[in-house]
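*Asks:* Any chance you can model this:
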Amino acid sequence: MLLFPLAYTVHLSFQEWFASSTVPPHFVGLKNYWDMLKDERFLKGTVRTIAYTILALGGEVGFGVAMALVFDRTFFGKGIVRALFLLPMVATPVAIALVWLFIYDPATGVLNYLLSLLGLPQGLWVSQPRTVIASLVLVDIWQWTPLVMLIVLAGLATLPNEPYEAATIDGASGLQIFLYITLPLLRPYIVVAALFRGIDALKTFDIIYVITRGGPAFSSETLNLYIYSSAFEYMHMGYSSAMLVVFFCLVGALSVGLISVRRARS
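*Replies:* Alright, predicted model coming up:
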């Protein structure tokens, strides 16, 4: 189920084949890979994909750890607030994308309306190249921060009490306890959460496709969207397969890197 599609994709990446043509696939060697190095849309799409992943991952890990520390404490209405906080994670990506599309609407969107009430400058958000990636990253952070929070919260529940008792007796401050005890003990859980979210963020397709379809002017076209466009709009299956092989290597490199960090820190 896994090996055959992967092997066939690698095989097809060395072929020249337009699915809309009657000409059968024929071997062209490394031509498709060489063409990628000269393809501006591919190169910019790769940079956007990496930037999107880094920004989304950083925001989700930061906010996820912070929210886990909040929900690790006892306060009134904790169960209700936690349930509400988890709702974005269980909603379908297309529904979330449509809701945020309405929120970001420059004319009738809720975001610009709230900014106008506060006397703050309004924006075009997903309608201009300068802010579109940041706006899409915000949607990803809003949806998937709860997942990071759940993983870190599970880690907090397993931490031993002895180091905290010793630190309290020694007069350590709350910040020192967090930096030198909590954070090092939580590092394996944070890396696991980063691994899951890093791979998913790298492969994000539905949110971006529904909100912008890669626009405006390809300014939000990630590698996923370009591969989809090349395969199912231009029907260039050989070239698309070569890009998929590169994308697979990119995902694999991220996975191996995060797993290595986890092992080194365990």
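*Asks:* which ones are touching Y164?
*Replies:* 177, 181 (Cβ atoms under 8 Å, 6 or more residues apart in numbering). (Glycine included, C-beta is placed from N, CA and C.)
*Asks:* I'd like the next helix or strand past the host helix or strand of it.
*Replies:* Per DSSP states H and E: Y164 is located in helix 162-169. Downstream of helix 162-169, the first helix or strand assigned by DSSP H and E is helix 174-177.
*Asks:* Report the angle between whichever helix or strand comes after that following helix and helix 162-169.
*Replies:* Next helix or strand after helix 174-177 toward the C-terminus (DSSP H and E): helix 183-202. Taking axes from the mean of the first three to the mean of the last three Cα atoms, to 10 degrees, one finds helix 183-202 and helix 162-169 inclined to each other by 120 degrees.
*Asks:* From M149, how far off is the residue lying farthest from the centre of the chain?
*Replies:* Computed with Cα atoms, centre = their mean, the maximum C-alpha offset from the centroid of the chain is found at I169, amounting to 41.5 Å. Remark: distance between I169 and M149 (Cβ to Cβ, to the nearest Å) = 30 Å.
*Asks:* go on, G58?
*Replies:* Taken as Cβ to Cβ, the span from G58 to M149 is 15 Å.
*Asks:* neighbour-wise, which of these two wins?
*Replies:* M149 (26 against 13; other Cβ atoms under 10 Å).
*Asks:* got the contact list for the residue positioned nearest the centre of the chain?
*Replies:* Centroid-nearest residue in the chain, with Cα atoms, centre = their mean: A201, separated by 1.9 Å. Applying Cβ under 8 Å, 6+ apart, one finds that A201 lies in contact with 52-53, 56-57, 60, 140, 144.
*Asks:* now do 7 Å
*Replies:* Listed by Cβ atoms under 7 Å, 6 or more residues apart in numbering, the contact set of A201 reads 52-53, 56-57, 140.
*Asks:* Likewise for V192?
*Replies:* Counting by Cβ under 7 Å, 6+ apart, the residues that V192 touches are 151, 262.
*Asks:* Need the pLDDT of it.
*Replies:* pLDDT for V192: 89.
*Asks:* ditto for L159
*Replies:* pLDDT, L159: 90.
*Asks:* I'd guessed it sits against L185; true?
*Replies:* Yes: the criterion here is Cβ atoms under 7 Å, and L159 meets it with L185 at 5.3 Å.
*Asks:* Excluding its own residues, what touches stretch 54-64? List them.
*Replies:* Contacts of stretch 54-64 (Cβ under 7 Å, 6+ apart): 137, 140-141, 144-145, 148-149, 152, 190, 193-194, 197-198, 201.
*Asks:* meant to ask about stretch 219-231
*Replies:* Contacts of stretch 219-231 (Cβ under 7 Å, 6+ apart): 41-42, 45-46, 48-49, 52, 129, 132-133, 136, 203-205, 208-209, 212, 214, 236-237, 239-240, 243-244, 247.
*Asks:* Buried ones among these?
*Replies:* With neighbours counted by 16 or more other Cβ atoms under 10 Å, the contacts of stretch 219-231 contain buried members at 41-42, 45-46, 48-49, 52, 132-133, 136, 203-204, 208-209, 212, 214, 236-237, 239-240, 243-244, 247.
*Asks:* What is the burial count for V90?
*Replies:* 8.
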